[in-house]
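*Asks:* Sequence unavailable; structure follows:
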Ligand code: SF4
């Protein structure tokens, strides 16, 4: 985890320096454009809807996750029957609404086609990073999973493993009735859906099946294509250290009369799911996020804890703000404590989201500490003001692991108290002088 994240941080710096004379200036400009988008979100979304409709893309509005799942499942039922294959490209929005679960319940065979997401799916795991979902897995673990699923002879060679997945997924692309994807950027003035990827699976999902369903959060809209020359390289560099992703797709309309391939119908589902509330509140800036994952890679807590520890689809500094912003400070406010407030996340963020500031605001609003926590901190504060009590407390410290206080018991469920190594400092100091 640590070395994978660290190598991404280095690659990001290198790519940004190659791409821009003044990377911070590019970040400032991107942030200003995103501010404009948030200020004019309603108008831009209406414009996007009108353009999409005139291009032949059908538009659906989903107020929440339940609506979005219902819309997508209904669309799938119109064009496929239970047991049919639905291929999916990587999309955090679909993870957010737990779409796979709903498609499975409706009887479809949903197949993740991004290599990382595919491994997550066959392992019944969850992604631990928003860009590289299996950053927590070793090639040995992946080899074991592929062998268990009988995708081919056992191998630990990344290239051969990829070829096994490729052969398996090609069959699924041919069979699929419907392809589902996310959207990286949607252009209001032209109605283009812009998707970036490295593996080519996105292209298959959006081209091979007869129906393409795209799900996007309301904040993914950009005013015009003129913003893309800034956002595309900025996203690629921040996410993977590339100058540009291998593929950039511009989807404007379903298959036209003169064309021989492409989907016959495209549906765009625009998801709110709490974003309008966030827009009007103190955490509005987090809606500028372009899901690059740079803040995860640079975060000392994320690197140590990994994405699963956050208990939410969105992890790292992004998740510490977005999860409580979308789902309530009462439910996920504690995540804001998983930060050293070192500011590295804000520094690398391509749209300059003031994450530490937002974390402080969440901490301020989060539930007040429990009585046992209050008691512990009050005792600590009192003891630290009275040298005699402090010294006595230090003498008792070795007994702490034996304490049976409910606060400590639950706290120690997932932690081991360090034992003192060597002698105490005060004793050593007194003897020395
Ligand atoms: S908060 Fe910024 S750095 Fe983190 S994922 Fe979003 S855009 Fe990237």
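*Replies:* Thanks, I have it. Note that the structure is a prediction, hence the values are computed from the model and not measured. Numbering: from 1, shown residues only.

*Asks:* Not including adjacent chain positions, what is the nearest residue to residue 94?
*Replies:* Using Cβ to Cβ, 6 or more residues apart in numbering and skipping the chain neighbours, the partner closest in space to residue 94 is residue 215 (5.6 Å). Just so you know, the C-beta spots here come from the backbone N, C-alpha and C atoms, and that holds for glycine as well.

*Asks:* Could you do residue 181 as well?
*Replies:* In this structure, residue 181 finds its nearest non-sequential neighbour in residue 89, 4.1 Å apart by Cβ to Cβ, 6+ apart.

*Asks:* still on that earlier bit, hang on, the residue nearest to residue 94 is in a strand, isn't it?
*Replies:* Yes - Residue 215 sits within a strand when classified using DSSP: H, G, I helix; E, B strand; the rest coil.

*Asks:* dump the residue contacts of the residue nearest to residue 181.
*Replies:* Contacts were defined as Cβ atoms under 8 Å, 6 or more residues apart in numbering; by that measure residue 89 touches 113-114, 179-182, 195, 197, 201-202, 205-206.

*Asks:* Let's see if you can find the most crowded of the residues you listed.
*Replies:* With neighbours defined as other Cβ atoms under 10 Å, the most crowded of these is residue 205; it has 31 neighbours.

*Asks:* May I have the predicted confidence score for that residue?
*Replies:* As predicted, residue 205 sits at a pLDDT of 97.

*Asks:* element containing it, please.
*Replies:* Using DSSP states H and E, residue 205 maps to helix 201-207.

*Asks:* so how far is that helix from its chain's centroid?
*Replies:* On the basis of Cα atoms, centre = their mean, to the nearest Å, helix 201-207 sits 21 Å off its chain's mean C-alpha point.

*Asks:* for it, packing partners?
*Replies:* Here helix 201-207 touches strand 85-88, helix 158-175, strand 178-181, strand 193-197, strand 211-217, strand 247-251, going by 3 or more Cβ pairs under 8 Å, 6 or more residues apart in numbering; DSSP states H and E.

*Asks:* quick one: strands adjacent to the fifth one?
*Replies:* In other words, strand 211-217. Note on strand 211-217: by DSSP bridges, its sheet partners are strand 178-181 (parallel), strand 265-271 (parallel).

*Asks:* Would you give the sheet partners of the helix or strand following that strand, along with the direction of each?
*Replies:* Next along the chain after strand 211-217, taking DSSP H and E as the criterion, comes strand 221-222. If you go by DSSP bridges, strand 221-222 pairs up with strand 185-187 (parallel).

*Asks:* quick one: which of the helices and strands packed on helix 201-207 is nearest residue 68?
*Replies:* strand 211-217 (6.5 Å; Cβ to Cβ).

*Asks:* what about the closest one, near the ligand?
*Replies:* No - Strand 211-217 lies out of reach of the ligand by Cβ under 6 Å from any ligand atom, never closer than 12.1 Å.

*Asks:* roughly how far apart are the most centrally placed residue in the chain and residue 186?
*Replies:* Centrality entry for the chain: nearest residue to the mean C-alpha point is residue 130, 3.3 Å, by Cα atoms, centre = their mean. According to Cβ to Cβ, to the nearest Å, residue 130 stands 19 Å off from residue 186.

*Asks:* which outside residues touch stretch 157-176?
*Replies:* Contacting residues not belonging to stretch 157-176 are listed as 84-87, 111, 113, 115, 118, 139, 142-143, 146, 151-152, 155, 201, 204-205, 208-209 [Cβ under 8 Å, 6+ apart].

*Asks:* Got a quick PyMOL command for the buried subset of those?
*Replies:* The buried residues among the contacts of stretch 157-176 can be selected in PyMOL (16 or more other Cβ atoms under 10 Å) with this line:
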select buried, resi 84+85+86+87+111+113+115+118+142+143+146+151+201+204+205+208+209
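
*Asks:* Pretty sure residue 218 sits against residue 274.
*Replies:* No - between residue 218 and residue 274 there is no contact under Cβ atoms under 8 Å: 10.3 Å.

*Asks:* Looking at those two, which one has more neighbours?
*Replies:* For the pair residue 218 and residue 274, the greater number of neighbours falls to residue 218 (23 against 18), based on other Cβ under 10 Å.

*Asks:* Low-confidence stretches in the stretch 101-250 of the chain?
*Replies:* Scanning the stretch 101-250 of the chain for pLDDT under 70 picks out no residues.

*Asks:* near the ligand, which residues of it show up?
*Replies:* Neighbours of the ligand within the stretch 101-250 of the chain, by Cβ under 6 Å from any ligand atom: residue 238.

*Asks:* Please parse the chain into its domains.
*Replies:* As given by automatic domain parsing, the domain ranges for the chain are 40-273, 384-432.

*Asks:* All good on my end, thank you.
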